[in-house]
Each structure stands twice: as C-alpha cells, then as structure tokens.
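J.: Using only what follows, build the 3D model:
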Amino acid sequence: MIDTAPAPLAQRLADAGADASGPAEPRHPDIARWRGATRDDIDAMHAVFAAADQVDHPTWVTPREEVEDTFDLPDVDHTVDTILAIAHDGTVVAAGTAMRHPDTTTRVKSYLQGAVYPTWRRRGIGAELMRWQYSRALQQLAASGSTLPGEIDVYASDGNDGAVILAEALGLRTARWFTSMVRDNSVAVAELEDLAGITLVPYSADRAEDAREARNDAFRDHWGSLPSSPDRWQKFVGGPFLRPDLSTLALDADGRIVAFCLASVNEDDWVTLGATNSYIDLIGVVRDRRGQGLAPRVVARTLRAMTDAGLAKAVLDVDTESPTGANTLYERLGFIATERDRALVREF
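T.: Below you'll find the predicted structure:
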C-alpha cells in the first residue's frame, strides 16, 4: 500500500529549500545592536509603530494597549519572537515580530508584523528586519510538528511599496485585498422591519464566550480566518476600546447569539480621520442563519447607537471577495470605500 499521509511540515519546508533552523542575527552598519523585546520596550516599540502609521496608513493609529496586550499572550515570547533594531545612540528604530497563531486545527500560520521608523527607511534596515522575521516564522512552522499546511502572512497598506517588495523577495505573493469603508452617520439609517423570533440587544460581558463561539462559527469559511482563542478573545472584548453600548447581538427565541456587530472607539483615530468615529471590528452571522436579513439589522442598530452617541463616522474593513457579499451590504448601508490593504502569503 502506498503511504499517502502528508509529510511533516518540517520536511516540506526542507524540500522547498526553506531553512527552518532559526534566524541569524541581522547586520547593518547603522544598527549598534539587535535584540529581543521585553515589557520595558513597549513604549519604544509603540513609538516606532505610531510614527510608521502616519506614513503607511495615516487614517488610523496602533494603540499602545495593542502592543502591550501581546506581552500577555501565552503563545508569544517576545524575547525570541521579536527583534529590535537599536541605533548607536540607543534609540529603537525598528521592531518586528513573527507571531504564530495559537490555533492549529486546520493549518499552522505565522504573521509578520513590524515597522521601521520613517526617517530610518531606505537604508536596508527593513530588509534585514523582515528576513529575520521570516526565518523565525519558518522555525515556528517547523517546530509545530504538524503535517498540516503551513503559511506565512504579511499585511501591507496600499502604497506601502517597500513592504511589498521585501515580502515578495521572500516568496510571498498577494493573495487577497481588503477595503476600508467609511460612513457618514448624519445620513439616517433606513428602518428595517423586525424579524420574528429575533431580539437585538447590546453586547454584555456575560455573553463573552457565547459571542466567541458565534464568531468562530460565522468566520469558519472566511479567507484567512482561524478560530479565536479564549485568551485573544478576552483581550479584545475585555479591552479598553470595545463599546458594549454600540455593539449589537441578535438573539433567537432560545437566547442563542445568531448574529453580531461589535464596535470599538479609539479616540486617537479621531485626529487622524478628522472626525469622531467608531470602528466596527466584527460583523457576522452564524452559518445556519445566513440569508435571513440578520446582518443589515445588527449593523443598522449599531449605526443608530453611534449616531445617538454623537459619533460622526463609522469605519470598517471588508474582504473584497467575501463569500457573504458583505461589500454590497455595506454599500447599501451608506459606506464608501476609501483605502485598501493587501495580504501577502507564502504556503508550504
């Protein structure tokens, strides 16, 4: 009998000529030292990301809390998963992380996230940084011991050509586009008739685990999505930005969450966007209740809550090839496309 079992991921990496032995320390004449990160580096890392945001995607900024939260995740060790580039004057001028997703039920995926301070770009520091991240990601994939598909992802805003060039040099290719959309909340939301057996309520903390399960079910067939772990989910719903009063849950007659629209507010984004706003993080309908008009109703309730709260704009991001036809829905609700991001991927 011929053995058709897939080869271990580590073996497939070796067959593809990918060195998964671990990253060598980068070298660059303008960098005095490269090292891993600790909690003491949170502010320095955030300073790099915030400065890069102004150039790479000027309508939103990375919250400091988002950087800090990653130091609490049990599956991330910044001393080995992150590298900092420190200039001769002691300033951190670049930071990059290879972060393996904790869920490995269908594939093993690592994300490369990082930035170089804008005034330090075009010197080759970014190339050294991303090569290190890529090597660390290969090591993470191999160390999983899995026979499942392996994947390395990089997300880049449209116009961030430097990141795209560096990722493509490592064999990653653009696999998907995502569009940012903005809505003017001064435009009234069309009234929709109630659905029999469905109650719309604000999100509440006691439904956190139910909401996580609904999210994981709703996103099972979405491109690139993996189940959200309890640790990461709690960081999101229990964090400082989620607004329960703006967020909406659709409950069926048994109290089960069948649809949701979760929204957050980061006031730092008000300056960059030029208006008070709320970001819609997640919109979803569980798979057995799709096609019943739940999505427009949970979004509409959230939009009205934003208006009542005095927020001028609503912002969201959408997969341009979403299997649920989300783009059309959001356009009908008054959202207008503004910016784009791409996902670059290499699979093994």
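
J.: Verify the contact between Ala295 and Tyr330 for me.
T.: No. Using C-beta atoms under 8 Å, Ala295 is not in contact with Tyr330, being 9.5 Å away. Where C-beta positions appear, they are placed from N, C-alpha and C, glycine not excepted.

J.: For Ala142, give its distance to Ser110.
T.: Taking C-beta to C-beta, to the nearest Å as the measure, Ala142 falls 11 Å from Ser110.

J.: Scan the helices and strands of the protein for the one with the lowest mean pLDDT.
T.: Least confident helix or strand, the chain: helix 326-332 with a mean of 91, by mean pLDDT, DSSP states H and E.

J.: Identify all contacting residues around stretch 196-211.
T.: If you take C-beta atoms under 8 Å, 6 or more residues apart in numbering as the criterion, stretch 196-211 is touched by 230, 233-234, 237-238, 242, 244-253, 256-258, 260, 262, 294, 297-298, 301, 305.

J.: out of these, which are inside helices?
T.: Cross-referencing the contacts of stretch 196-211 against helices under DSSP state H gives Pro230, Trp233, Gln234, Val237, Leu294, Arg297, Val298, Arg301, Ala305.

J.: related to what we said a few turns ago, give me the contacts around the least confident helix or strand of the chain.
T.: Thr179, Met181, Arg183, Ile283, Ala295, Pro296, Val299, Leu316, Val318, Asp319, Thr320.

J.: Just the closest of the ones in helices among the contacts of stretch 196-211 to Asp268, please.
T.: Of all those, Val237 has the smallest distance to Asp268: 20.0 Å, by C-beta to C-beta.

J.: Just give the number of residues close to that closest one.
T.: 22 (other C-beta atoms under 10 Å).

J.: confidence score at it?
T.: Per-residue pLDDT puts Val237 at 98.

J.: Tell me which strands the helix or strand containing Ala98 pairs with, and in which orientation.
T.: Assigned by DSSP states H and E, Ala98 belongs to strand 92-100. Its sheet considered, strand 92-100 pairs with strand 82-87 (antiparallel), strand 108-116 (antiparallel) by DSSP bridges.

J.: Output that strand as PDB, restricted to C-alpha atoms.
T.: Provided in PDB are the C-alpha atoms of strand 92-100 (Å, rounded to 0.1, in the frame of the first residue of the first chain):
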ATOM      1  CA  VAL A  92      14.900  51.800  18.900                       C
ATOM      2  CA  VAL A  93      14.400  52.500  15.200                       C
ATOM      3  CA  ALA A  94      12.800  49.300  14.000                       C
ATOM      4  CA  ALA A  95      10.800  46.400  15.500                       C
ATOM      5  CA  GLY A  96       9.400  43.200  14.000                       C
ATOM      6  CA  THR A  97       7.600  40.100  15.300                       C
ATOM      7  CA  ALA A  98       6.900  36.700  13.900                       C
ATOM      8  CA  MET A  99       3.700  35.600  15.700                       C
ATOM      9  CA  ARG A 100       2.300  32.100  15.300                       C
END
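
J.: so for it, what's the average pLDDT?
T.: On average, strand 92-100 scores 98.

J.: how about low-confidence regions in the stretch 201-348 of the chain?
T.: Applying pLDDT under 70 to the stretch 201-348 of the chain flags residues 323.

J.: in it, which spans are strands?
T.: Along the stretch 201-348 of the chain, counting by DSSP state E, counting those that start in this stretch, strands occupy 248-251, 257-264, 277-285, 313-319, 336-347.

J.: The second one to strand 277-285, inter-axis angle?
T.: Read it as strand 257-264. In terms of direction (axes from the mean of the first three to the mean of the last three C-alpha atoms, to 10 degrees), strand 257-264 departs from strand 277-285 by 160 degrees.

J.: for the stretch 51-200 of the chain, what spans make up the helices?
T.: Using DSSP state H, counting those that start in this stretch, the helices of the stretch 51-200 of the chain run over 64-70, 78-81, 125-143, 161-169.

J.: In JSON lines: the ones you listed, plus distance to Thr276.
T.: Compiled in JSON lines, the helices of the stretch 51-200 of the chain are given as follows (distance: least, C-beta to C-beta, whole Å):
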{"stretch": "helix 64-70", "distance to Thr276": "19"}
{"stretch": "helix 78-81", "distance to Thr276": "34"}
{"stretch": "helix 125-143", "distance to Thr276": "34"}
{"stretch": "helix 161-169", "distance to Thr276": "30"}
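
J.: just those helices: most buried one?
T.: helix 125-143 (a mean of 23; mean count of other C-beta atoms under 10 Å).

J.: tell me how far it is from the chain's mean position?
T.: 19 Å (C-alpha atoms, centre = their mean, to the nearest Å).

J.: Tell me the helices and strands packed up against it.
T.: helix 9-15, strand 31-35, helix 78-81, strand 82-87, strand 92-100, strand 108-116, strand 150-157, helix 161-169 (3 or more C-beta pairs under 8 Å, 6 or more residues apart in numbering; DSSP states H and E).

J.: Report all helices and strands that the first one contacts.
T.: Translated: helix 9-15. Partner elements for helix 9-15 (3+ C-beta pairs under 8 Å, 6+ apart): helix 125-143, strand 150-157.

J.: out of the ones you listed, nearest to Val116?
T.: helix 125-143 (4.7 Å).

J.: Let me have the helices of the stretch 51-200 of the chain in a markdown table, adding mean pLDDT and distance to Ala47 as columns.
T.: Formatted as a markdown table, the helices of the stretch 51-200 of the chain follow (pLDDT from 0 to 100; distance: least, C-beta to C-beta, whole Å):
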| stretch | mean pLDDT | distance to Ala47 |
| --- | --- | --- |
| helix 64-70 | 97 | 9 |
| helix 78-81 | 98 | 16 |
| helix 125-143 | 98 | 16 |
| helix 161-169 | 97 | 19 |
